[in-house]
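Engineer: Take a look and give me a structure for this.
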Amino acid sequence: MEGDAGTSQLNLTDQQDPHTTEPQAEAVTEIVDPISVTDAQEASQESESRPSRLGRGWMAAILAGLLVLAAAVGVGGYLALRAHQDSERIASDEAEALAAAKDCVTATQAPDTQAMIAAQTKIIECSTGDFGAQAGLYSGMLLDAYQAANVQVKVSDMRAAVEKHNDDGSMDLLVAVRVLVTNTEKSDEEQGYRLRVKMARAEDGNYKVARLDQVTS
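Structural biologist: A predicted model of the protein is given here:
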């Protein structure tokens with residue numbers, strides 16, 4: 001019996017109410033200030049939007065800079081093109097004027113009397129302006145001088161260069177000539193002289209001699 005009693009006591013201990021649980025920790029409820037939450041949200045939104053606004057500002061500044069740079073490059077390219085075209089036009093005009101001047105001066109240095117008769121027409125055709133008005137008289141005087149002294153001329157050297165451009169579009173050229181002159185008194189005498197030739201465009205658009213002066217100094 002005692003053995004049963006002991007066993008019974010053990011069983012009673014083991015058969016305690018299974019629903020009996022240990023005391024649980026008391027739940028803690030955190031109270032959050034709604035104003036602090038709102039401030040935190042606004043601060044977060046502001047921090048997120050600030051880089052975005054800065055990014056847009058930088059993009060606008062960069063875009064504006066690129067536009068200014070593109071405009072500057074465009075203007076610079078246009079000016080460079082105009083300068084190149086003007087340079088080519090001036091070079092072309094100078095080459096045309098130089099060739100016309102040398103051609104007309106050569107006509108005044110005809111090899112002999114017979115050639116001077118034909119050169120008279122050339123002198124008149126290659127002249128304009130003040131020189132054109134006198135070309136007939138000038139060529140006639142040359143022919144008389146050739147006939148009187150039986151002149152023969154050989155051009156040994158002729159060089160020409162542009163001295164300056166005038167406001168009216170004409171050019172002043174310097175033409176240096178060296179010739180061998182034979183006449184009734186001498187044979188193959190070398191002579192050299194310089195001419196200042198004013199070249200202007202005539203009505204037909206070609207450069208012609210508008211003035212012809214001998215340079216003495």
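Engineer: helices or strands up against the longest helix seen in the chain?
Structural biologist: As assigned by DSSP state H, the longest helix anywhere in the chain is helix 34-107. Other elements packing on helix 34-107 under the criterion 3 or more CB pairs under 8 Å, 6 or more residues apart in numbering; DSSP states H and E are helix 113-125, strand 152-165, strand 171-182, strand 189-201, strand 207-215. Quick note: C-beta positions are derived from backbone N, CA and C, even for glycine.
Engineer: Arrange these in TSV, one row each, with distance to Tyr138 and mean neighbour count as further columns.
Structural biologist: Listed next are these as TSV, based on distance: least, CB to CB, whole Å; neighbours: other CB atoms under 10 Å:
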stretch	distance to Tyr138	mean neighbour count
helix 113-125	7	16
strand 152-165	16	14
strand 171-182	16	18
strand 189-201	13	17
strand 207-215	8	19
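Engineer: how about these, which one is nearest Cys104?
Structural biologist: Minimum separation from Cys104 across the helices and strands packed on helix 34-107 (CB to CB) falls at strand 207-215, 4.9 Å.
Engineer: Give the other helices and strands that the closest one contacts.
Structural biologist: helix 34-107, helix 129-149, strand 189-201.
Engineer: I'd like these as CSV, with mean pLDDT and distance to Leu174 appended.
Structural biologist: Putting the helices and strands packed on strand 207-215 into CSV (pLDDT from 0 to 100; distance: least, CB to CB, whole Å) gives the following:
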stretch, mean pLDDT, distance to Leu174
helix 34-107, 75, 10
helix 129-149, 93, 16
strand 189-201, 96, 6
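Engineer: Nearest the geometric middle of this structure, what residue?
Structural biologist: With distances taken as CA atoms, centre = their mean, Ala80 lies nearest the centre of the chain, 0.8 Å away.
Engineer: I'd guess Asp204 is in a strand, am I close?
Structural biologist: No - secondary structure assignment (DSSP: H, G, I helix; E, B strand; the rest coil) places Asp204 in coil, not in a strand.
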